[in-house]
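*Asks:* Could you look at this predicted model? Sequence included:
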Number of protein chains: 2
Amino acid sequence: MQAFVGLVRAHSATTRCFSALLQREHGLTLNEFEVLLRLARAPDRRLKRIELVEQVLLTPSGITRLLDRLERAGLVCKDSCSSDARVTYAVLTDAGAEKLRAASRSHIAEIRTLMCSHCSERELASLAELLHRLADGAAG
Amino acid sequence: MQAFVGLVRAHSATTRCFSALLQREHGLTLNEFEVLLRLARAPDRRLKRIELVEQVLLTPSGITRLLDRLERAGLVCKDSCSSDARVTYAVLTDAGAEKLRAASRSHIAEIRTLMCSHCSERELASLAELLHRLADGAAG
DNA sequence: CAGTAGTACTTGCTTGCGCAATCAATAATA
DNA sequence: TATTATTGATTGCGCAAGCAAGTACTACTG
């Protein structure tokens, strides 16, 4: 129970920190940043929308709108699938990759500072492990 | 970094789980639930708005609106402060206390199930500790 | 082949919340 | 005592995201 309250608090505290910074400096949401990150790591820098839904834990409608915004900004573009006309891919553009690089610099530095200044390397590792277990438990 | 991604994922996964249930069964947001909880624990079941801002980690405007909703629902009422005319207290009503009791039953059970089924008692304790440290680090 | 499920997205509507600006009341300074 | 800061709370506005309903396509079943 305490753990859960901690989770909610830690999330809103850190999130507000980071998203304010991301927003101000690069005009990106945390979720948008994560989507760009996932795309950058994906083969051919492309993912189906439904894969993003699972990875970023938004609802389908959330993903649709998020990608709309990124597309309007030129950071991402759509592509269709030849084998299944229902699916549309999201593809990271060069501009998107560049944006991600720029945002990563300040953002990741910020995260490291905050996280590391309060926890040891070892603690962070176990924290990450526990959280992933929780996330999978709740979503899957 | 992994820890941070885990934090975001774990939060949105668990949060969506719980808040969907709370919403459906009791018409409460997670934040609303937390506010009711804090009020119930406070002396005289009353807190200044600013105290809630700190405890629940919303912005002042968020608290104002949240309390508006709770007030319309009759779960909370306002009270003014005799020594400082700027502050207004939020006071838990009997209906609010009753609502909290009802919601707690299912909600807390749900939380325990999810959390405990994936982590040991010991792990949860350290998780809670780490998260609180992070939250305080980011907010304070 | 129909016809029924099921899947991948999209769209309209609503909501909760943050930001910035504002007001009112108190504290601090001249 | 006047004036300026500071603090607690509220309000207008905008935005991200969830839900529910709808569209388009594919896969199963008789």
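*Replies:* Good, I have the coordinates. Numbering: from 1, shown residues only, chains lettered A, B, ... in the order given.
*Asks:* Contacts only, for the residue positioned nearest the centre of chain A.
*Replies:* Among the residues of chain A, the one closest to the centroid is residue A:34, at 1.6 Å (Cα atoms, centre = their mean). Residues near residue A:34 by Cβ atoms under 8 Å, 6 or more residues apart in numbering or on different chains: A:56, B:5, B:8. In short, each C-beta sits where N, CA and C put it, glycine included.
*Asks:* One more: residue A:93?
*Replies:* Contacts of residue A:93 (Cβ under 8 Å, 6+ apart): A:74-77.
*Asks:* and these as JSON lines, adding distance to residue A:17, pLDDT and neighbour count?
*Replies:* Formatted as JSON lines, the contacts of residue A:93 follow (distance: Cβ to Cβ, whole Å; pLDDT from 0 to 100; neighbours: other Cβ atoms under 10 Å in any protein chain shown):
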{"residue": "A:74", "distance to residue A:17": "28", "pLDDT": "96", "neighbour count": "12"}
{"residue": "A:75", "distance to residue A:17": "23", "pLDDT": "97", "neighbour count": "24"}
{"residue": "A:76", "distance to residue A:17": "26", "pLDDT": "97", "neighbour count": "26"}
{"residue": "A:77", "distance to residue A:17": "31", "pLDDT": "97", "neighbour count": "16"}
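*Asks:* taking those residues one by one, which sit in strands?
*Replies:* Counting by DSSP state E, these place A:76-77 in strands.
*Asks:* Which of the three states applies to whichever residue of chain A sits closest to DNA strand D?
*Replies:* In chain A, the residue that lies nearest DNA strand D is residue A:62 (2.9 Å; Cβ to the nearest atom of the strand). The local conformation at residue A:62, judged by DSSP: H, G, I helix; E, B strand; the rest coil, is helix.
*Asks:* residue ranges of the strands in chain A, please?
*Replies:* Remark: strands assigned in chain A by DSSP E are A:46-48, A:76-80, A:88-92.
*Asks:* Parallel or antiparallel, which strands does the first one pair with?
*Replies:* Taking DSSP bridges as the criterion, strand A:46-48 sits next to strand A:88-92 (antiparallel) in its sheet.
*Asks:* and the angle for the strand it pairs with with strand A:76-80?
*Replies:* With axes from the mean of the first three to the mean of the last three Cα atoms, to 10 degrees as the basis, strand A:88-92 and strand A:76-80 are set at 150 degrees to each other.
*Asks:* if you look at stretch A:123-137, does any of it touch DNA strand D?
*Replies:* No: using Cβ under 7 Å from any atom of the strand, stretch A:123-137 stays clear of DNA strand D, with a minimum separation of 13.5 Å.
*Asks:* Any residue of that stretch touching chain B?
*Replies:* Yes: Stretch A:123-137 comes into contact with chain B (Cβ under 8 Å from any Cβ of the partner chain), by way of A:123-137.
*Asks:* Could you export that stretch as CSV, CA atoms only?
*Replies:* Extracted in CSV, the C-alpha atoms of stretch A:123-137 (Å, rounded to 0.1, in the frame of the first residue of the first chain):
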residue,chain,number,x,y,z
GLU,A,123,19.3,0.3,-6.1
LEU,A,124,18.3,1.7,-9.4
ALA,A,125,18.8,-1.6,-11.0
SER,A,126,16.5,-3.4,-8.6
LEU,A,127,14.0,-0.6,-8.8
ALA,A,128,13.9,-1.0,-12.6
GLU,A,129,13.5,-4.7,-12.2
LEU,A,130,10.6,-4.4,-9.7
LEU,A,131,8.8,-1.8,-11.7
HIS,A,132,9.0,-3.7,-14.9
ARG,A,133,7.6,-6.7,-13.1
LEU,A,134,4.7,-4.6,-11.8
ALA,A,135,4.0,-3.1,-15.2
ASP,A,136,3.9,-6.4,-16.9
GLY,A,137,1.7,-7.8,-14.2
